[in-house]
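Undergrad: Just the structure for this:
(one chain, ligands or ions: 1)
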Amino acid sequence: MLSELNNFLEFSIHNQTAFAPFSININKQLKAVGNAVGVIEFVPFQSQAEQRKSKSIVLSCGVHGNETAPIELLNNMITDIINADLEVQHNVLFIIGNLPSISGETRFVEENLNRLFHYDAKNDTLEARRANELMQIVSAFFERKTKERLHYDLHTAIRPSKNEKFAVYPFIFGKPYDKRQLAFLSACDINTILLSQAPTGTFSCYSSSQHNAHSFTMELGKVMPFGENDMKKFLAIDKTLRNLISAQDVRLPKYEECPLEIYNVNQTIIKQQEDFALHFDADAPNFTAFPKGSVLASETQHVYHAQIDGEAIVFPNADVPIGQRALLTVVPYEI
Ligand SMILES: [Zn+2]
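TA: Okay, here's the model as predicted:
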């Protein structure tokens, strides 16, 4: 059984229809528990006092099935843990989000999974069922009494980005932004931060709003097929996440010394008509800035302008269904 977990991605893909829960001791310090397909939890054998000093860490990938680099990154970490090459000092839950879409090499099968992490997602789609399952698993995981709850949801962007790596900080209802977490992101080589201004149905927003976790969506670069990712680009995040798992505490750079660029969301543009069109190059990178007054998008009865000089575009996608976000705009912000 343990050797089957050596390639957890392959194991999960092969067991999609016939999954059986498991719990196996890896050694005297650690056990591996699987309660759903594509999900593996590492539990160190700790006293209650030790547990209270440790962290609960969720690392997820593959919420969009074609975003392969983070899947390779986390799958390698799991292999190293199984082979006792990577020590685990905290409770760590690894999640591969959307296995059928990974097999199909598509972003999703029926609908975008990363819009469905809220309890009123009642659609009977493959993704809605998976979102409900993952919310239950994360809730159970975060019930354990530990010092800190963390969730990093790893993605890659559809289009290139002027700021290749960036993180979305979910809406935290007026609480102060956590500078240690921002320094942690900087240590992962993520220096562009987008502050969300409203709750959404993303996985990271769920962990943040429902479980008070420090939680982020991490965008690590452009989508490539399996095997074509330049894994050298991910050395910093790989090293920092491995440190997070294996050390009692991660040594972080001083916040003041981090080269962070922080942006606030200015407009969330929802597609309302079939003829919704973007007014910039189809391959314009994320974070391309526009002068005030530039037409960014239009549709019957609506024209959307840049309201501020330097307003920049993120996640443009005119092909979303009506009622979904087709474009975000952001402006620089000091926290
Ligand atoms: Zn994604």
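Undergrad: show me where the stretch 1-150 of the chain has helices.
TA: With DSSP state H, counting those that start in this stretch, the ranges of helices along the stretch 1-150 of the chain come out as 8-14, 48-53, 68-82, 99-103, 126-142.
Undergrad: Which residue comes closest to V250 once chain neighbours are left out?
TA: Nearest residue to V250 in three dimensions, chain neighbours excluded: N243, at 4.9 Å (Cβ to Cβ, 6 or more residues apart in numbering). Yep, even glycine has a C-beta here, placed from its N, CA and C like the rest.
Undergrad: Point to the residue nearest the middle of this protein.
TA: The residue lying closest to the centre of the chain (Cα atoms, centre = their mean) is D153, at 2.0 Å.
Undergrad: got the contact list for I24?
TA: I24 makes contact with 1-2, 5, 31-32 under the criterion Cβ atoms under 8 Å, 6 or more residues apart in numbering.
Undergrad: do the same with T240
TA: Per Cβ under 8 Å, 6+ apart, neighbours of T240: 184, 187-188, 250.
Undergrad: ok, how many other residues are close to the residue in the stretch 1-150 of the chain that the ion sits nearest to?
TA: Per Cβ to the ion, H64 is where the stretch 1-150 of the chain lies closest to the ion, at 3.6 Å. By other Cβ atoms under 10 Å, 23 other residues sit near H64.
Undergrad: My guess is it contacts R107. True?
TA: Yes. Between H64 and R107 there is a contact under Cβ atoms under 8 Å: 4.8 Å.
Undergrad: picking that back up, next one: the residue of the stretch 1-150 of the chain closest to the ion relative to A183, how far apart?
TA: According to Cβ to Cβ, to the nearest Å, H64 stands 27 Å off from A183.
Undergrad: now Q89
TA: Going from Q89 to A183 by Cβ to Cβ gives 20 Å.
Undergrad: And for R159?
TA: 28 Å.
Undergrad: So for the two, which residue has more residues nearby?
TA: A183 (19 against 16).
Undergrad: That one: which element?
TA: Using DSSP states H and E, A183 sits within helix 179-187.
Undergrad: ok, now K292?
TA: When elements are assigned from DSSP H and E, K292 belongs to no helix and no strand.
Undergrad: Wait, it touches D309, no?
TA: Yes. If you go by Cβ under 8 Å, K292 and D309 touch, sitting 4.5 Å apart.
Undergrad: one step back: anything in contact with each of H64 and R107?
TA: S101.
Undergrad: still on that earlier bit, would you mark the buried spots in the helix holding A183?
TA: For helix 179-187, the buried set under the neighbour-count rule, 16 or more other Cβ atoms under 10 Å, comprises 181-187.
Undergrad: Out of those residues, flag the one nearest to the ion.
TA: Comparing the buried residues of helix 179-187 against the ion with Cβ to the ion picks out L185 as the nearest, at 16.8 Å.
Undergrad: any idea how far the closest one lies from A247?
TA: Distance from L185 to A247, by Cβ to Cβ: 17 Å.
Undergrad: same check, this time on V43
TA: Taken as Cβ to Cβ, the span from V43 to A247 is 18 Å.
Undergrad: and the stretch 51-200 of the chain, which residues reach the ion?
TA: By Cβ under 5 Å from the ion, the residues of the stretch 51-200 of the chain that approach the ion are 64, 67, 155.
Undergrad: Could you identify the least confident member of these?
TA: Across the set of those, E67 stands lowest in pLDDT, at 93.
Undergrad: Domain map for this protein?
TA: As given by automatic domain parsing, the domain ranges for the chain are 3-257, 267-332.
Undergrad: Go through these and pick out the most buried.
TA: Each of those was scored by mean neighbour count; the highest is domain 3-257, a mean of 18, by mean count of other Cβ atoms under 10 Å.
Undergrad: Now do the same for the residue of the chain positioned farthest from its centre: its pLDDT.
TA: What lies farthest from the middle of the chain is Q301; by Cα atoms, centre = their mean that is 34.8 Å. Q301 is assigned 93 on the pLDDT scale.
Undergrad: What strand or helix carries the closest residue to it other than its chain neighbours?
TA: Spatial nearest neighbour of Q301, excluding adjacent residues (Cβ to Cβ, 6+ apart): Q273 at 7.2 Å. Q273 is part of no helix or strand, with elements assigned from DSSP H and E.
Undergrad: Point me to the residue of the stretch 101-250 of the chain nearest the ion.
TA: Using Cβ to the ion, the single residue of the stretch 101-250 of the chain nearest to the ion is H155, 3.3 Å away.
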